[in-house]
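A.B. asks: sharing a model prediction with you, sequence too.
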Amino acid sequence: DLGFKVIGVFVELPFYERKPSEVRNFSKFANLDELLILKAGEDYLEIVKNPKFGYGKGANPCIDCRAYMLKRVKEIAKGAIIATGEVLGQRPKSQKLSAFRKVEKLCELEGRVLRPLSGKILPETVYEKEGIVSREKLLSIKGRSRKKQIELLKKFRLDFGKLPTPSGGCLLTDPQFSKRVFDLIEHEELNMDNVKLLKLGRHFRLGTCKLVLGRNEAENRKLLELKKEEDYLLKAMCPSPVGILRGKECNRYLELAGKILARYSDCEQSATIRVEKNGKVIKTFQAEKLESVEDYRI
C-alpha cells in the first residue's frame with residue numbers, strides 16, 4: 001500500500017531450527033514480493049570459533065551472528081531499506097540498544113537498520129530523517145513477551161507456525177549441544193561435515209577421534225548417509241547402534257570404540273565388532289562391554 005517492494009531474506013544458519021520450508025510458507029501468507037534464502041557457509045563457522053563480542057551462556061555468538069546476517073543482506077540490498085523483526089529487550093545479549101549499535105558498526109550500517117516493531121523507542125534511522133519512513137507508523141514493542149507479536153499475526157491473518165520462544169530457536173544456546181561444539185573447536189574440527197553430525201546420536205571423544213553412535217533406527221540410517229569415505233563404520237554382530245569413528249589416526253582407537261559400542265548393544269557381556277572402511281571389512285574383533293563411558297562422553 002505504501003509503494004514499497006518487500007523482499008524477504010532468510011539466512012539459513014546451521015544451528016538454527018527454523019526450516020526454509022516454513023519460511024517459504026510464511027512468505028506466501030505474507031504476500032511478500034520475493035523471498036531470498038542465503039545459506040551460511042564455512043565463513044559462518046569462523047565466527048562461531050572466534051566471535052569478536054564473545055559467547056552467550058552457550059556457544060552462541062549472538063552479536064557477531066546478527067552482524068553476519070546483516071552483512072549478507074547488505075551485499076544484496078544495493079541501497080534498499082534494510083528492516084528486521086528485532087524487538088528491543090527481547091533477547092538479553094543481542095537485542096539491547098548497545099548490541100544494536102555494535103552490530104550496525106560491525107556492518108558499517110550505522111543508522112541504516114530499521115526495526116519497525118520497536119522503532120518508536122529507538123534512535124531515528126536515516127530512513128526516517130530523510131522522510132522515506134514515517135516514525136508515526138512504527139511500533140514501540142519491547143521486552144520478552146510475545147503478546148503484541150501474536151496480536152499482529154492475528155490482525156493480518158498470518159500463520160508462522162509455532163512462534164519461537166524468546167530464548168529458543170538456536171541450538172548454540174543449549175548447554176549440552178554447546179559442549180559438542182566447543183569440543184570440535186578445541187580439536188580444530190569445526191566444519192560443515194562435522195556440524196551435520198552434531199544433531200545426531202551419542203558423542204564420545206577418543207583422543208584425536210570422535211565416535212558418534214545412533215540412538216535409534218532413524219539415526220542409524222542418517223549416520224550411514226553422512227558417513228564419509230575416510231570414516232570407520234562400526235557395527236556389532238547383534239542388534240546395536242551404528243557407530244561412526246572420524247578423525248586422525250582412528251585405527252588406534254578401534255578397540256576402545258568397539259567397547260563403547262558394545263555397551264549400547266543387545267549382546268550379553270561382549271560383542272563381535274565389525275569395522276568397515278571404504279565399503280570393505282577391515283577388522284573383526286571381540287569387545288567386552290565398557291563398564292562406564294563417562295570419561296569419554298561429550
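C.D. replies: Yes, it's here.

A.B. asks: pull out the buried residues from the longest helix seen in the chain.
C.D. replies: With secondary structure taken from DSSP state H, the chain has its longest helix at helix 62-77. Residues of helix 62-77 classed as buried by neighbour count (16 or more other C-beta atoms under 10 Å): 62-74. Just so you know, the C-beta spots here come from the backbone N, C-alpha and C atoms, and that holds for glycine as well.

A.B. asks: quick one: distance of that helix to the chain centre.
C.D. replies: 15 Å (C-alpha atoms, centre = their mean, to the nearest Å).

A.B. asks: hmm, who's touching it?
C.D. replies: 9, 11, 13, 36, 38, 40, 43-44, 47, 51-53, 56, 82, 84, 91, 93-94, 99, 102-104, 106-109, 113 (C-beta atoms under 8 Å, 6 or more residues apart in numbering).

A.B. asks: just the CA trace of it, in PDB.
C.D. replies: Provided in PDB are the C-alpha atoms of helix 62-77 (Å, rounded to 0.1, in the frame of the first residue of the first chain):
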ATOM      1  CA  CYS A  62      24.800 -13.600  19.200                       C
ATOM      2  CA  ILE A  63      26.100 -10.200  18.300                       C
ATOM      3  CA  ASP A  64      28.600 -11.500  15.800                       C
ATOM      4  CA  CYS A  65      25.900 -13.700  14.400                       C
ATOM      5  CA  ARG A  66      23.500 -10.800  13.900                       C
ATOM      6  CA  ALA A  67      26.200  -8.900  12.200                       C
ATOM      7  CA  TYR A  68      27.000 -11.800   9.900                       C
ATOM      8  CA  MET A  69      23.300 -12.000   8.700                       C
ATOM      9  CA  LEU A  70      23.100  -8.200   8.200                       C
ATOM     10  CA  LYS A  71      26.300  -8.300   6.200                       C
ATOM     11  CA  ARG A  72      24.900 -10.900   3.900                       C
ATOM     12  CA  VAL A  73      21.700  -8.800   3.500                       C
ATOM     13  CA  LYS A  74      23.800  -5.700   2.900                       C
ATOM     14  CA  GLU A  75      25.500  -7.400   0.000                       C
ATOM     15  CA  ILE A  76      22.300  -7.800  -1.900                       C
ATOM     16  CA  ALA A  77      20.400  -4.700  -0.600                       C
END
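
A.B. asks: mind listing what the helix or strand containing V9 pairs with, with the direction of each?
C.D. replies: Element membership for V9, per DSSP states H and E: strand 7-12. Strand pairing for strand 7-12, determined by DSSP bridges: strand 34-39 (parallel).

A.B. asks: helix 62-77 and the strand it pairs with, what's the angle between them?
C.D. replies: Angle, strand 34-39 to helix 62-77, by axes from the mean of the first three to the mean of the last three C-alpha atoms, to 10 degrees: 130 degrees.

A.B. asks: okay, buried residues for strand 34-39 please.
C.D. replies: Those would be L35, for strand 34-39 by 16+ other C-beta under 10 Å.

A.B. asks: which helix or strand lies directly C-terminal to it?
C.D. replies: helix 42-49.

A.B. asks: contacts only, for the nearest residue to Y55 once chain neighbours are set aside.
C.D. replies: Nearest residue to Y55 in three dimensions, chain neighbours excluded: P61, at 5.7 Å (C-beta to C-beta, 6 or more residues apart in numbering). P61 sits next to 47-48, 51, 53-55, 172 when contact means C-beta under 8 Å, 6+ apart.

A.B. asks: how near is P61 to L109?
C.D. replies: 18 Å (C-beta to C-beta, to the nearest Å).

A.B. asks: need the pLDDT of the closest residue to A80 other than its chain neighbours.
C.D. replies: Nearest residue to A80, sequence neighbours excluded (C-beta to C-beta, 6+ apart): I7, at 7.7 Å. pLDDT, I7: 95.

A.B. asks: just checking, I7 touches A30?
C.D. replies: No: using C-beta atoms under 8 Å, I7 is not in contact with A30; the gap is 11.6 Å.

A.B. asks: noted, bye for now.
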